[in-house]
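Participant: Okay, predicted coordinates and the sequence, questions at the end:
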Amino acid sequence: MAHEVNLHSLQESERETILQVLYRDREIQNVEEERIRKLKTHLQHLRWRGRKNVSQEYKEKSCARCQRALGFLLNRGAVCQGCSHRVCAECRVFLRSARAWKCTVCFEDRNVKIKTGEWFFEERAKKFPAGGKHETAGAKLLQSYQKLSKISVVPPTPPPLSESQCSGSPSRLQELGQFKGFNKSVENLFLSVTTHMKKLSKSQNDMSSDKQQPATGPRQSAGQTERRSQSDTAINVATRKVSTPDLLKPLAQESPKRTTSPVLKQEDRLSSPAPTPLFSGGWRHGSLISINSTCTEMGNFDNTHVTGEIEFAIRYCFRAHSLEICIQACKNLAYGEEKKKKCNPYVKTYLLPDRSSQGKRKTGVQKNTVEPTFQETLKYQVEPAQLGTRQLQVSVWHLGTLARRAFLGEVIVPLATWDFEDSATQSFRWYPLRAKEKCEDSVPPSNGELAVRAKLVLPTEPRKPPEAQGGTGDQPSQNGQLCLVVLGAKNLPVRPDGTLNSFVKGCLTLPDQQRLRLKSPVLKKQACPQWKHSFVFKGVTPSQLRQSSLELTVWDQATFGVSDRLLGGARLGSKDEPAAGADACPQSKLQWQKVLSSPNLWTDLTLTLH
Amino acid sequence: MASATDSRYGQKESSDQNFDYMFKILIIGNSSVGKTSFLFRYADDSFTPAFVSTVGIDFKVKTIYRNDKRIKLQIWDTAGQERYRTITTAYYRGAMGFILMYDITNEESFNAVQDWSTQIKTYSWDNAQVLLVGNKCDMEDERVVSSERGRQLADHLGFEFFEASAKDNINVKQTFERLVDVICEKMSESLDTADPAVTGAKQGPQLTDQQAPPHQDCAC
Ligand SMILES: Nc1nc2c(ncn2[C@@H]2O[C@H](COP(=O)(O)OP(=O)(O)OP(=O)(O)O)[C@@H](O)[C@H]2O)c(=O)[nH]1
Ligand SMILES: [Mg+2]
């Protein structure tokens, strides 16, 4: 609701009591958000699979879900009420409560809505369309606290088991005694808040009597306070040491690593390959726009200012041909969400120029810290000869709610000059984190270049000199053809063994959305393939072409029936979507115009693949 | 519905994600009617005669097994005292269901039920599920609100009704389980009325919106 809770009307001890509850709630919310993110990712995967199938086999009648062909008389399939796709009998799930059914994806959608509580948020939004859909009272209250005390309300790390316990009120002491682990974080919270408040006003004696209850009982807990010093809050360790020496002692033995909930880490691992299926080749002929927009590397992240350093070691095992990047720790990171002082960092690596999902490695996500310790090793299989052509990109990211990411900085290590035989280079080192190169922010990274030669062939008719084509438009009768020779490509993201089985697809999308597709033969075992293959798109007019777009994509053929891997693509021609502007660089735009305006002449183009 | 067996999944594992979904429940009512006691009885199976009025809000988490599903309940216990009202009402919005409690030995707490119900209407979603609970039914000698009056008021307000005792553990578990069931019913209703095949009711746009519009995929 709109009303702001007036915390001033409460006594200080009351405010503290409530704050504990808020923190406990926040921990639960964090776990919940993580769970929900995972569920949504899963659903997304299902959808993508469905989509691929639909576009692939649309012409033949087939099940939108499993892609099996549907018959005309038998096994005709039926239309799902949820998504209006035709699905076979096997891809229907009957609801328990009713005789109705839904297709597998719609059923999963329903499931996810139940599991995430989305059904409730949707219902609620009918009554309160304004307020944030997922906003909780606790989160708002915490904000009020923040305003009140001007302290940065950084939640303590979730203790492994805490939420089943209830804080209770101070004099329910007997019960509290039974709650063995009575909320470690609360304790910590008490420390932080009381210390802070102490600074502000009260005498120490008053406070310690206030917080007597969490301080009594078996005290093997602590552990969480370390976190405070990591998270840059206003409270410094020294102050705490004075007031609560007994609680602080066990901290020294605690490695910060332990404070991270293992449950959460596991979750992150499971859900991290979210965008992968798209890249591993599910999109046989999706448009480039959609491919780009799903890439986390390009769109979906916030930029923060970059601070801090990262410590890692690089090793190469010549026998196993394995490159190991041992990610140790980061320090002094920027907050992923500056306002909320939130940071859940993880580290991602690529062996540039390969930015495909196959080349991506990630660590687990550390929660609520700007000084994460990872101690994880990311491995690549690379031929020794390949090493010199690669650059190791190590980037640090913040994982926010609903998979929102923020870039925290990166390091690029060219491996060409790296001495892998020297043991000195194998030790851990700190590297300062850097911001992304300017151009990289707006322009998607390059995945190599494609050389093509293009010509618009028009039947030569005396009454119409070629120059006039551009201005006057053309008669419907005047059919031409677009000839394209795909010469070759270089700097492609090659396989670990340094080769590719590559081929090129061309797709010309006409103004009426009709698509003409052509494909080159596969060139095996080459890093810089020279196909010299020609594509001819027949029956197109210049005016049509001016409103058409041509997509050229380079693929690595799958070895054992796995999907082909998209290496990169480029788009030429119209489509005024802003997204297309990014991949059609001005230069290739000019070249394309030249092709269209000078019929019957060859034009050479070099296209950057994204 | 299927026979309920909770406690097979204790509360211990509640910090993990070993559950199917989470419901948020709010307990409201005048101060001292026994809200906190009711929750302690349910979550910890404990009771204390001492009265410690709740400060602001509090909650407990309990995972139960019901209708083949593990449901994690986050049960919010609100302070009945007027001075915390702004804080407690802020939590109405997040609650899927309510336990509205009065004390059968306290006329005033019963008279306040109407007001509490108005608060729910104001601050909560439209389908909020409410169970009216007359607590302290162990104190038959001091009863001032008859069961009949309780039931009538519940009928009038459209709530289900239980008399219960946190002290003697009467109808505590039943209250929560019934509330979970009615929330489940609302949930199915909310999801499946969007399906014309089931009810013929208005086609909610939700389902189709979730899908990528089909024409996007098959422009070829
Ligand atoms: N005999 C009897 N006493 C009860 C019962 N439930 C609660 N009480 C007593 O009633 C008093 C108030 O109980 P609480 O649960 O603290 O009341 P509350 O509704 O939480 O009050 P606020 O937190 O101020 O809103 C305590 O002394 C309890 O022991 C019951 O079922 N029977
Ligand atoms: Mg209470």
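Facilitator: Cool, the structure landed. Ligands and ions are numbered 1, 2, ... in the order given.

Participant: How far off centre is stretch B:146-162?
Facilitator: Distance of stretch B:146-162 from its chain centroid, counting by Cα atoms, centre = their mean, to the nearest Å, is 16 Å.

Participant: would you put the C-alpha positions of that stretch in PDB?
Facilitator: The C-alpha trace of stretch B:146-162 is given here as PDB (Å, rounded to 0.1, in the frame of the first residue of the first chain):
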ATOM      1  CA  SER B 146     -21.600 -18.900  21.900                       C
ATOM      2  CA  SER B 147     -20.600 -21.200  19.000                       C
ATOM      3  CA  GLU B 148     -23.800 -20.300  17.300                       C
ATOM      4  CA  ARG B 149     -23.000 -16.600  17.200                       C
ATOM      5  CA  GLY B 150     -19.600 -17.400  15.900                       C
ATOM      6  CA  ARG B 151     -21.000 -19.600  13.100                       C
ATOM      7  CA  GLN B 152     -23.600 -17.000  12.200                       C
ATOM      8  CA  LEU B 153     -21.100 -14.200  11.900                       C
ATOM      9  CA  ALA B 154     -18.800 -16.500   9.800                       C
ATOM     10  CA  ASP B 155     -21.700 -17.300   7.500                       C
ATOM     11  CA  HIS B 156     -22.600 -13.600   7.200                       C
ATOM     12  CA  LEU B 157     -19.100 -12.700   6.300                       C
ATOM     13  CA  GLY B 158     -18.600 -15.700   4.000                       C
ATOM     14  CA  PHE B 159     -15.800 -17.300   6.000                       C
ATOM     15  CA  GLU B 160     -15.400 -20.800   7.200                       C
ATOM     16  CA  PHE B 161     -15.600 -21.200  11.000                       C
ATOM     17  CA  PHE B 162     -13.700 -23.200  13.700                       C
END
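
Participant: does any part of it sit near ligand 1?
Facilitator: No: Stretch B:146-162 is not in contact with ligand 1 by Cβ under 6 Å from any ligand atom; minimum separation 12.2 Å. Any C-beta I mention is one placed from the backbone N, CA and C, and that applies to glycine too.

Participant: Now do the buried residues in that stretch.
Facilitator: For stretch B:146-162, burial by neighbour count (16 or more other Cβ atoms under 10 Å in any protein chain shown) applies to B:G150, B:R151, B:L153, B:A154, B:L157, B:F159, B:E160, B:F161, B:F162.

Participant: Mark which of the residues you listed are part of helices, please.
Facilitator: When helices are assigned by DSSP state H, the members of the buried residues of stretch B:146-162 inside them are B:G150, B:R151, B:L153, B:A154, B:L157.

Participant: and which of the residues you listed is nearest to B:V130?
Facilitator: B:L157 (7.4 Å; Cβ to Cβ).

Participant: Let's verify the residue lying closest to the closest one once chain neighbours are set aside: helix, strand, or coil?
Facilitator: The shortest distance from B:L157 to any non-neighbouring residue, by Cβ to Cβ, 6 or more residues apart in numbering or on different chains, is to B:S117 (5.2 Å). Secondary structure assignment for B:S117 (DSSP: H, G, I helix; E, B strand; the rest coil): helix.

Participant: ditto for the one 5 residues further on
Facilitator: The three-state assignment at B:T122 reads helix, by three-state DSSP.

Participant: which residues does it contact?
Facilitator: Taking Cβ atoms under 8 Å, 6 or more residues apart in numbering or on different chains, we find B:T122 in contact with B:Y92.

Participant: Look at it and report its pLDDT.
Facilitator: The per-residue pLDDT reported for B:T122 equals 91.

Participant: Over to A:L351?
Facilitator: A:L351 is given a pLDDT of 87.

Participant: ok, now which ones touch it?
Facilitator: Counted by Cβ under 8 Å, 6+ apart, A:L351 has contacts A:L323, A:G359, A:Y380, A:V382, A:R390, A:Q391, A:L392, A:Q393, A:L415.

Participant: A:A137 too?
Facilitator: Contacts of A:A137 (Cβ under 8 Å, 6+ apart): B:A90, B:Y91, B:R93, B:G94.

Participant: Now for the residue nearest to B:V33 when sequence neighbours are not counted, how many residues are close by?
Facilitator: Leaving aside its chain neighbours, B:V33 sits nearest to B:D103 (4.1 Å; criterion: Cβ to Cβ, 6+ apart). By other Cβ atoms under 10 Å in any protein chain shown, 26 other residues sit near B:D103.

Participant: same thing with A:L492?
Facilitator: Using other Cβ under 10 Å, A:L492 has 23 other residues around it.

Participant: Can you tell me the element residue 32 falls in?
Facilitator: You didn't pick a chain, so chain A it is. helix A:12-56 (DSSP states H and E).

Participant: Oops, wrong one, chain B.
Facilitator: Using DSSP H and E, no helix or strand contains B:S32.

Participant: Could you verify my assumption that it touches B:F51?
Facilitator: Yes: using Cβ atoms under 8 Å, B:S32 and B:F51 qualify as a contacting pair, with a distance of 6.2 Å.

Participant: Between the two, tell me which one has more neighbours.
Facilitator: The residue with more neighbours, out of B:S32 and B:F51, is B:S32; 16 against 11, by other Cβ under 10 Å.

Participant: biggest helix in chain B by residues?
Facilitator: The single longest helix within chain B, with elements called by DSSP H, is helix B:172-192.

Participant: Briefly note if it comes near ligand 1.
Facilitator: No: using Cβ under 6 Å from any ligand atom, helix B:172-192 never reaches ligand 1; the gap is at least 8.8 Å.

Participant: Any buried residues in that helix, and which?
Facilitator: Those buried within helix B:172-192 under the rule 16+ other Cβ under 10 Å are B:172-173, B:175-184, B:186-192.

Participant: restrict the residues you listed to those near chain A?
Facilitator: B:M187, B:S188, B:S190, B:L191, B:D192 (Cβ under 8 Å from any Cβ of the partner chain).

Participant: If we only consider the residues you listed, which is nearest to B:V55?
Facilitator: Of all these, B:M187 has the smallest distance to B:V55: 32.3 Å, by Cβ to Cβ.

Participant: tell me the pLDDT at that closest one?
Facilitator: B:M187 is given a pLDDT of 90.

Participant: so who does it touch?
Facilitator: A:I114, A:W119, A:F120 are the contacts of B:M187 under Cβ under 8 Å, 6+ apart.

Participant: Good, we can wrap up now.
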